[in-house]
Each structure stands twice: as structure tokens, then as C-alpha cells.
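**Q** Structure of the sequence below:
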Amino acid sequence: MSELKKAIDQISKDRGIDRDLLVDTLEEAVRSSVIRKYGESMDVEVSFNEELGEIEVYQFKVVADKVTEPLNEIELKEARKHDPAVQLGDEMGFKLNIEDLGRIAAQAAKQVIIQRMRDAEQEIIYEEYKDRVGEITSGIIQRRDRTGWIINLGRTEALLPKEEQIPRERYKRGDRVQAFIIDVQKESRGPQVVVSRSHPDYMTALFHREVPEVADGTVKIMGVARDPGLRAKVAVYSRDRDVDPVGACVGIRGSRIQNIVQELKGERIDIVVWSPDIAMYAQHALSPAVISRITVDEEEQILEVVVPDDQLTLAIGRKGQNVKLASKLLGWKIDIFTESRYGELNADRKGLEQLASVAEVGIENFLAAGFETAELLAAATDEQILAVDGMTPSKVSDLRLAMNMLDIKPQEPEAPEAREDAPDATGADDGKTGEE
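**A** Below is the predicted model of the structure:
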């Protein structure tokens, strides 16, 4: 076997490049060198002789009575020295010696071969990784640039952008790291693989890897909400009544979930049982807090959650983390009230509902006008009450009479300065918080 043939076979095997593509590249490189040396008008044919294992170059000339283009024509008398049977107008091929192409032509051929091989390698890498989006990969931290960390994956590199890193997670060169492939971009310098460690789907992929029941579809991941590096909530559902989805994900003595927690550097993971009943689902998502009652507003996708006073801190969580993740997991806005605060609000609203019934207008009309309690309505002037949608002078008279009968005392609205000093409406002080 010739040295050239051995080299083609070896490169094809080592770099995974198609052998026919290599041969085509070689032929094209030699053809370019010939054209460069003799000009584009020369009629040449370049081919790889598999039997001899070498590149053959043939120059073709047309047999002519009188030669006007020496590069492409040959006189009949001269042609018959090579083939006595040749006739005018016939085409004859003459083998060229590749060594005659010279050093510059050889360098040009080498450059073409290197570029084509590089292009072929990049195409192979792109094709390989574009089908791996959504998979976990691993590599060695190589260096850091202005956009993030560069990870050596072996045949190529991946970018871990700053926004896809887990906050407070530190890396150094040489660290082995796992990440989730979120994108593969085709760029002029080669394929750009983009990975993430903070993406919610990375959590899902880890459960698929660590929990056989998730991998085979018995247990389904219904949703993931993450505060990367700190806490996450994962909603699970079992298609088999005999399989406990939480137990399957946790594993014996927590073995399965611990593998995921360690991979995410201690990120706390709450496994939540998914339910088609949004109130039940919310109750699970807000665990470990105890829930007293939940009111569902389907149209606005808002949940009013009432908890015992001593459960408010648990329900909200540190820096609002528990309710924030639960809201993200459900995709609903969640307002949390303590029982005492909810009782106060309902007492205020009860009197207002009675007055609305007397006036035969909706309570929402009073609320829209800024009258949140019966006492505020009692403090309003007749003109202010008449401004409420649906009110008439006779209804105002009926309202005044009802206020006297119910002994509703006027309450002046709070001054703006007083409101600024009041406790935050989303804090624990007034027993209510909200998240969406």
C-alpha cells in the first residue's frame, strides 16, 4: 500500500472524516495547484488511482491541423508519435508529473487540504452536538473570557455564560464540571456549544439520569422552579398507583436525591406531588407550611391562601423564597394572609356587602371607587358616593338610612404620610404577602 493511501486511511479513521471526502479534497487541492501554475484555460483531469495509491493528473489536448493554442492543442504529426491512429479533432490525454508543479504549488495544495479537513471536522462536530441539545455533558474548565467559562469537551469547546452559571459557584482551571447543553450555534470559527448549570431543564435531566422511574416514564416531572444554588421545587406525578413519586425520587435513605443535591452544590430540593386540582397543588407546593384555606380566582389566576399566624414565616420562606418558587411552579399569583388578618378584612367587607345590597349595586363598584370598608363609605360626602357607578340620589338616601340602622361610624381615610409609615403590605407585619 502506498504511503499516500495509508495516510488517507489513517486520517479518516483518527478524525472520523469520510474517506471519499478526503480523496475529493486531495484531488481538488492538486487541481487548484495545477490551475495556479498553468492557468485556468488548461484542460486537466485529476483523479486518485486506488490501485496504485497515487494522484494522477492528465492534461488534455485537441488534435489540430495547425496549433494556435499550444496549451490545449497538438499538431496531428506530433500526436501520431504517441498514437498512430489518432485523427483531427480527437482529444488526447498526457500524464503530468506532480513533482513538476513546484514548491509553491505544493504549499497551496497543502493549505487547501488543511482548510477542507478543518471544515469537515467542524461540520462533523456541529452535526454531533446539535442533536445533543437537552443532554448533560461534562468537560474540563479551561479558561475564562469576558462572556463566561470555556470548557474543554474533548473534540470541541463549550461556553458556560455568566448568566447560566449557578450564583456563588466558583471554578478554577482543571476542574471537571457537568452542564446542560442548551444551544449549538454555527459560527465561522467553528460550532459554538452553549451550556448551562442554572437552567430548570438541567434539574429535569438530572432526575432522568438518577431516577429509573423517571427515565422509563413511570414518574413524570410536571414542572421545575429553581433559585439556582439555593432552593428548587420539582413537581412529580406517578402514572402507576403502586409507585410513590416522592419515594422514587428520594431513593433509599435519600441516595438518589443526594446525588442531585451534590451535583448542584447543596441546592435544596423540595419534591412536590402534582395535582390537577390547583388548590391541592398549591397546598403541596407551599409545604411545609400548614394551609387553613385557599380561594381560587380562575379568571385572574390568583390564589388567596390563608395560613395560621404562626405558619406565615414558613409559607413565605426566607426572603420570600418559598412562595416565590411555589408561584413560579404553579404559574399563578399567590397572596398569603394570616388567619387574623383575613378575619379583619372579611369583617370590614361584611358591612360593605350589606350596604351594597341596600343600594343594589355591586360591591366591586365601591371597591373600584376606593371605599374598602363601610366606615370609609360613611365618611364620604353625598357627591363622592354619587360618583360611584350605579348610584342615584335616592340610593344615597337609602344608604344613609342603612348606615344609621347598622350604627356604622365614619372613618376618615389615612393621610398619605401615615400610609408611608405603615408596615409594608407585602411583609409579615400585616399578615399578608404576595408573589407571582
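**Q** Which of the three states applies to the spatially most central residue of the chain?
**A** Nearest residue to the geometric centre of the chain (CA atoms, centre = their mean): Ile182, 5.2 Å. Using DSSP: H, G, I helix; E, B strand; the rest coil, the secondary structure recorded for Ile182 is strand.
**Q** got a list of what it touches?
**A** Contact analysis of Ile182 by CB atoms under 8 Å, 6 or more residues apart in numbering lists Val133, Glu164, Val194, Val195, Ser196, His199, Asp201. For the C-beta atoms, the positions are set from N, CA and C on the backbone; glycine is no exception.
**Q** Need those residues in JSON lines (columns: distance to Thr25 and pLDDT).
**A** Output for these, formatted as JSON lines (distance: CB to CB, whole Å; pLDDT from 0 to 100):
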{"residue": "Val133", "distance to Thr25": "29", "pLDDT": "94"}
{"residue": "Glu164", "distance to Thr25": "37", "pLDDT": "95"}
{"residue": "Val194", "distance to Thr25": "30", "pLDDT": "96"}
{"residue": "Val195", "distance to Thr25": "32", "pLDDT": "96"}
{"residue": "Ser196", "distance to Thr25": "36", "pLDDT": "96"}
{"residue": "His199", "distance to Thr25": "39", "pLDDT": "96"}
{"residue": "Asp201", "distance to Thr25": "39", "pLDDT": "96"}
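**Q** Of these, select the buried ones using a ChimeraX command.
**A** To isolate the buried ones among those in ChimeraX, judged by 16 or more other CB atoms under 10 Å, type:
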select :164,194,195,196,199
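**Q** How far does stretch 164-179 sit from its chain's centre?
**A** Chain-centre distance of stretch 164-179: 18 Å, with CA atoms, centre = their mean, to the nearest Å.
**Q** Verify the contact between Ser41 and Pro70 for me.
**A** No - using CB atoms under 8 Å, Ser41 makes no contact with Pro70, being 11.0 Å away.
**Q** Quick one: low-confidence residue ranges for the protein.
**A** Along the chain, segments meeting pLDDT under 70 span 1-2, 100-106, 108-109, 348, 412-436.
**Q** for it, longest helix please?
**A** As assigned by DSSP state H, the longest helix anywhere in the chain is helix 103-130.
**Q** Now the element after that helix, going C-ward?
**A** Following helix 103-130 in sequence order, the next helix or strand is strand 136-145 (DSSP states H and E).
**Q** which of the residues in that next one are buried?
**A** Buried, per 16+ other CB under 10 Å, within strand 136-145: Ile136, Thr137, Gly139, Ile141.
**Q** Can you tell me the strand partners of it and which way each runs?
**A** strand 148-152 (antiparallel), strand 176-187 (antiparallel) (DSSP bridges).
**Q** For the helix or strand harbouring Ala232, buried residues please.
**A** Element membership for Ala232 (DSSP H and E) is strand 231-238. By neighbour count on 16+ other CB under 10 Å, the buried set for strand 231-238 is Arg231, Ala232, Lys233, Val234, Ala235, Val236, Ser238.
**Q** mind checking how far the fifth one is from Gly247?
**A** I take that to be Ala235. 15 Å (CB to CB, to the nearest Å).
**Q** ok, now the second one?
**A** Counting by CB to CB, the gap from Ala232 to Gly247 is 18 Å.
**Q** likewise Ser357?
**A** Applying CB to CB to Ser357 and Gly247 gives a distance of 52 Å.
**Q** higher neighbour count, these two?
**A** Taking other CB atoms under 10 Å, Ser357 and Gly247 do not tie; Gly247 has more neighbours (14 against 11).
**Q** helices or strands up against the helix or strand containing that one?
**A** Remark: Gly247 resides in helix 245-250, with elements defined by DSSP H and E. Applying 3 or more CB pairs under 8 Å, 6 or more residues apart in numbering; DSSP states H and E, we find helix 245-250 packed against helix 212-215, strand 219-227, strand 231-238, helix 255-263, strand 268-273.
**Q** Fine by me, we can end here.
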